[in-house]
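1. How does the following fold in three dimensions:
(chains A and B)
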Amino acid sequence: MFFHEVFGRVLTVESAIAGAVFVIIATLLVIAVVRRRATAARSASDRPGRNRLEIAYAIVLAGVAGFLVWFTASANAQDTQHASPAAATIPPQATVEVTAFQWCWRFHYTGRPVTVTGDCAEHHYPVVLVPTGAPVRIQLTSQDVVHSLWIPDLDVKYDAYPDHTNTFDLDFTRPGQWLGKCAEFCGTYHTTMDFYIRAVPPDQYKQWLAAQGGQA
Amino acid sequence: MNPPPSTTAAAAESGIADATRHQRPWLTTTDHKRIAILTGGTALVVFFAMGVLALLMRYQLSRPDNHFLSNQVYDEIFTIHGSGMIYLSITPFALAIGLYLVPLQIGAPNVAAPRVTMAGFWLYLFGAVIMLSGFSVSTGTAQSGWTEYTPLSDSRFSPGAGQDLWIAGVFLSTTGLILIGGTVLWTVLLKRARGMTMLRLPVLCWSVIATNLMVLGAFPALLAALGLVVFGRMVPSVFMNNIWNIGYQNLFWFYAHPVVYVMFFPFVGAVCEVLATFSRRRFFGYTGTALALLVFAALSMSVWGHHMFTTGQAADDYYSLTSISLLIPAGIEYFGMLGTILGGRLVYRTPMLFALAFIPQFLIGGLTGIMVGTPVLDYQERGSYFVVAHFHYTLLAGSVFGLFAGMYFWFPKMTGRMLSERLGRWHFWLMVIGTNATFLPMFWMGMLGMPRRVASYLPEDGIGMPNLISSCGAAVLGIAMLIFAVNLIRTLRGPATAPDDPWGGFTLEWATSSPPPPLNFQGTALPPITSYAPLLDQRERAAAQHGTPAR
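-> Okay, here's the model as predicted:
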């Protein structure tokens, strides 16, 4: 849920700034369109510019840009803490090796003889179980073309490359089930390359894992 | 002030006086205006065709689980819609604006190296035909998106000849556009009339300088990227190594972000000229705007990695810094545009309507651009309809509105005919409604989790309503474009009755006839070039002498 919280906070601030800028510029536009129309019979100004005002304005813009750069970089540092194994403070409770392929997903639980997969056809989507309460490490790769693992409701996305592994941590503070999608166009059945990620309490997760391992 | 030379003398000096008597046929012309009309006209035809593909996509997505188009056909259509619009329509149109107007605005008789420029048009045209001929191949045309990411575009995953034709087409047309961009840059830097100093160049010329610097700096990277794909199609094992896949993306975006501004700047320049002319005042904040355009172009070369935030293989914070910094030059451009209209006496002719609508609509594209330039937001928005909405606000709601502002404004200069104001207003209002109804809901779809480039979605995805609204908007856009087509055809069939300067223009192209003669100013003395608005200066001087108002 960590990506989701950071996303929500940053989106709120950036939307507020963007909204304010839009309102200011739209207001100036309306003032010009209404009050400076030719039928209001004014003469046009012949002032070619206002350099001091423009320089002051450029400094304000630079200040806004500076704030946004700092704000987004520090938010990204919080996210990438979860994306870089070295910086993680809590050890992960489970590691899942995710392999994307044309056109579905394979989830292998590291150190367990457990693999979840499917063909994503006719609504047969893989459901990957993860425990709540502690980070789940995802090691994402691809066996053919570039794909992208996206869980829209959790606001997280990482690309899957052949010959490269992207590692990041997800955390689930409550049980639930979320839809995952492929977000990088990967060919004919890209449209239906979905999966579900289901978070359950740790006990239930262990039981499930044991049951799966027994079958394997 | 330097006295202007007589242009007939200038033409005789360069030994091209003969050309003034013999207009060459269209297909071998060396007249920059004709080359520009051929390029822009081809781009406009492609624009209509790509618009039809867009309507097919919106019909497919108008309701959930629709199977009007198969997945494969849908993939071909979105690939060619994007490729056609970017490589074959908006970019060539943007360059054609500079090619048509720059020699006129700087008082030059022609573009530098006109035969090279014409070769550029032919390469572009052949490239367009070759790319679009992919539809005639039995395995279909290219279907890996306009980005053609490897390894998807290599011969293991996209074996058909359509993919090869796509590569050849993009390669040829981009090579042609580099030639056109280069000769126009050469013209504006070295072929200016006496008195036309750099700081007396109209704003449009500055936007063309910035554009063509990006063309020369960034477009070769696309040729290199395409070369890599060609190599990979011969030896597909290349793309089993990550370095070549991420390397392709770096090369590709090194081209593909600057090209976004190539597809934008000449239209901003057009909007600035239109705003000033119909505000009946010279452009406000000229120096700041010229500087902002150059800074923008320079920064554009450093932002490409913001398309790669989710790759896990890019320096996110660096690209976020350069991308967000773009708001400074963009803000300065808005300062000039708003200052111009706030101090003006506004006349609402069709070009002005399009230019005014550009201001808030492009702003939506710019503000959401900061959001997608923010890594933690991009982890959600990348590859979703949010991005589709964002870049259509910049390209359609921004650039294409600028395109139409310029089209209605300079059409009488190009053809000697005025487009109908009445049809123009219908075109404008339907386009405003259609554009916003089509693309505003897409922000919402993206937030709800709809990925790009999907041929269908399910009822339980909960995105049926915004998709339906969007498709209705697309239908309105289609009607608006039909009205424009009717306006264009009716006007071209009518008599050439437009005056030389129907709008009270400020720049040199309005001092010659409509349409201008082959060498632009032959037989007309160039007015003295005293600023970036020489005709306004002339009127002001005349008014001061006679004691009457200038505007």
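2. Double-check that residue A:130 belongs to a strand.
-> Yes: counting by DSSP: H, G, I helix; E, B strand; the rest coil, residue A:130 is found in a strand.
3. Spatially nearest residue to it, not counting backbone neighbours?
-> In space, not counting the residues next to it along the chain, residue A:130 is nearest to residue A:136; the distance is 4.6 Å by CB to CB, 6 or more residues apart in numbering or on different chains. Quick note: C-beta positions are derived from backbone N, CA and C, even for glycine.
4. What's opposite the one you found in the beta bridge?
-> Taking DSSP bridges as the rule, residue A:136 bridges to residue A:94, residue A:170.
5. so it touches residue A:129, yeah?
-> No: using CB atoms under 8 Å, residue A:136 is not in contact with residue A:129, being 10.0 Å away.
6. Near the residue of chain B found nearest chain A, how many residues? Count them for me, please.
-> Nearest to chain A, among the residues of chain B, is residue B:449, at 2.9 Å (CB to the nearest CB). Burial of residue B:449 is recorded as 23 neighbouring residues (other CB atoms under 10 Å in any protein chain shown).
7. okay, now the closest residue to it other than its chain neighbours: neighbour count?
-> Spatial nearest neighbour of residue B:449, chain neighbours left out: residue A:152 (2.9 Å); criterion: CB to CB, 6+ apart. Using other CB under 10 Å, the number of residues around residue A:152 comes to 21.
8. need the contact list for residue A:152.
-> Counting by CB atoms under 8 Å, 6 or more residues apart in numbering or on different chains, residue A:152 touches A:178, A:179, A:181, B:380, B:384, B:448, B:449.
9. Tell me which two in the residues you listed are the farthest apart.
-> Distances among those were taken as CB to CB; the most separated pair is A:178 and B:384, at 15.4 Å.
10. returning to what we had before: narrow the contacts of residue A:152 to those in strands?
-> Among these, the ones falling in strands (DSSP state E) are A:178, A:179, A:181.
11. quick one: the first one from residue B:362, how far?
-> Read that as residue A:178. 35 Å (CB to CB, to the nearest Å).
12. the more surrounded of residue A:178 and residue B:384?
-> Between residue A:178 and residue B:384, residue B:384 has the larger neighbour count (other CB under 10 Å), namely 27 against 16.
13. Write down the beta-bridge partners of that one, one by one.
-> Here residue B:384, judged by DSSP bridges, has bridge partners residue B:451.
14. and the gap between it and residue B:352?
-> 35 Å.
15. For the stretch 51-200 of chain B, list the residues in contact with chain A, please.
-> B:71, B:72, B:75, B:144, B:145, B:149, B:150, B:151, B:152, B:157 (CB under 8 Å from any CB of the partner chain).
16. Next, format those residues as TSV and append neighbour count.
-> What follows is those, written out as TSV (neighbours: other CB atoms under 10 Å in any protein chain shown):
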residue	neighbour count
B:71	18
B:72	14
B:75	25
B:144	26
B:145	19
B:149	21
B:150	28
B:151	28
B:152	26
B:157	18
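17. What ranges does the stretch 351-500 of chain B have for its helices?
-> B:375-381, B:385-392, B:401-415, B:421-447, B:464-493 (DSSP state H, counting those that start in this stretch).
18. Arrange these in TSV, one row each, with mean neighbour count and distance to chain A as further columns.
-> Shown next, in TSV, are the helices of the stretch 351-500 of chain B (neighbours: other CB atoms under 10 Å in any protein chain shown; distance: least, CB to the nearest CB, whole Å):
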stretch	mean neighbour count	distance to chain A
helix B:375-381	26	4
helix B:385-392	23	10
helix B:401-415	25	14
helix B:421-447	20	8
helix B:464-493	18	14
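19. Name the nearest residue to the residue positioned nearest the centre of chain A, sequence neighbours excluded.
-> Among the residues of chain A, residue A:156 comes closest to the average C-alpha position under CA atoms, centre = their mean, at 2.9 Å. Computed as CB to CB, 6+ apart, the closest residue to residue A:156 that is not its neighbour in sequence is residue A:3, at 3.9 Å.
20. And for residue B:279?
-> Residue B:279's closest residue in space is residue B:344 (CB to CB, 6+ apart), at 2.5 Å.
21. per-residue confidence at residue B:5?
-> Residue B:5 is assigned 46 on the pLDDT scale.
22. Residue B:148 touches residue B:166, doesn't it?
-> Yes: the criterion here is CB under 8 Å, and residue B:148 meets it with residue B:166 at 7.4 Å.
23. quick one, which of those two is more surrounded?
-> Remark: of residue B:148 and residue B:166, residue B:166 carries more neighbours, 30 against 23, as counted by other CB under 10 Å.
24. Just the pLDDT at the more buried one, thanks.
-> pLDDT, read off for residue B:166, is 97.
25. so it is in which element?
-> Residue B:166 is located in helix B:161-190, with elements delineated by DSSP states H and E.
26. got the angle for the next helix or strand after that helix vs helix B:161-190?
-> Downstream of helix B:161-190, the next assigned helix or strand under DSSP H and E is helix B:203-234. Calculated by axes from the mean of the first three to the mean of the last three CA atoms, to 10 degrees, helix B:203-234 forms an angle of 150 degrees with helix B:161-190.
27. Output the following helix or strand past helix B:203-234 in PDB with nothing but the alpha carbons.
-> Later in the chain than helix B:203-234, the nearest helix or strand by DSSP H and E is helix B:242-256. Output in PDB follows, covering the C-alpha atoms of helix B:242-256 (Å, rounded to 0.1, in the frame of the first residue of the first chain):
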ATOM      1  CA  ASN B 242      19.100  -6.400 -22.000                       C
ATOM      2  CA  ILE B 243      21.700  -3.700 -23.100                       C
ATOM      3  CA  TRP B 244      20.300  -3.500 -26.600                       C
ATOM      4  CA  ASN B 245      16.700  -3.300 -25.500                       C
ATOM      5  CA  ILE B 246      17.300  -0.500 -23.000                       C
ATOM      6  CA  GLY B 247      19.700   1.000 -25.500                       C
ATOM      7  CA  TYR B 248      17.000   1.100 -28.100                       C
ATOM      8  CA  GLN B 249      14.700   2.900 -25.700                       C
ATOM      9  CA  ASN B 250      17.300   5.500 -24.900                       C
ATOM     10  CA  LEU B 251      18.100   6.100 -28.600                       C
ATOM     11  CA  PHE B 252      14.400   6.200 -29.400                       C
ATOM     12  CA  TRP B 253      13.300   8.600 -26.700                       C
ATOM     13  CA  PHE B 254      16.400  10.800 -27.400                       C
ATOM     14  CA  TYR B 255      14.600  11.400 -30.700                       C
ATOM     15  CA  ALA B 256      11.000  11.000 -29.500                       C
END
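28. Which one of the residues in chain A is closest to chain B?
-> For chain A, CB to the nearest CB, closest residue to chain B: residue A:152, 2.9 Å.
29. From the chain's centroid, how far away is the helix or strand residue A:57 falls within?
-> Using DSSP H and E, the element containing residue A:57 is helix A:51-81. Helix A:51-81 sits 22 Å away from the centroid of its parent chain (CA atoms, centre = their mean, to the nearest Å).
30. Which neighbouring elements make contact with it?
-> With contacts taken as 3 or more CB pairs under 8 Å, 6 or more residues apart in numbering or on different chains; DSSP states H and E, helix A:51-81 sits against helix A:2-35, helix B:286-300, helix B:316-325, helix B:327-342, helix B:375-381.
31. Ok, which of these comes nearest residue A:163?
-> helix B:316-325 (21.3 Å).
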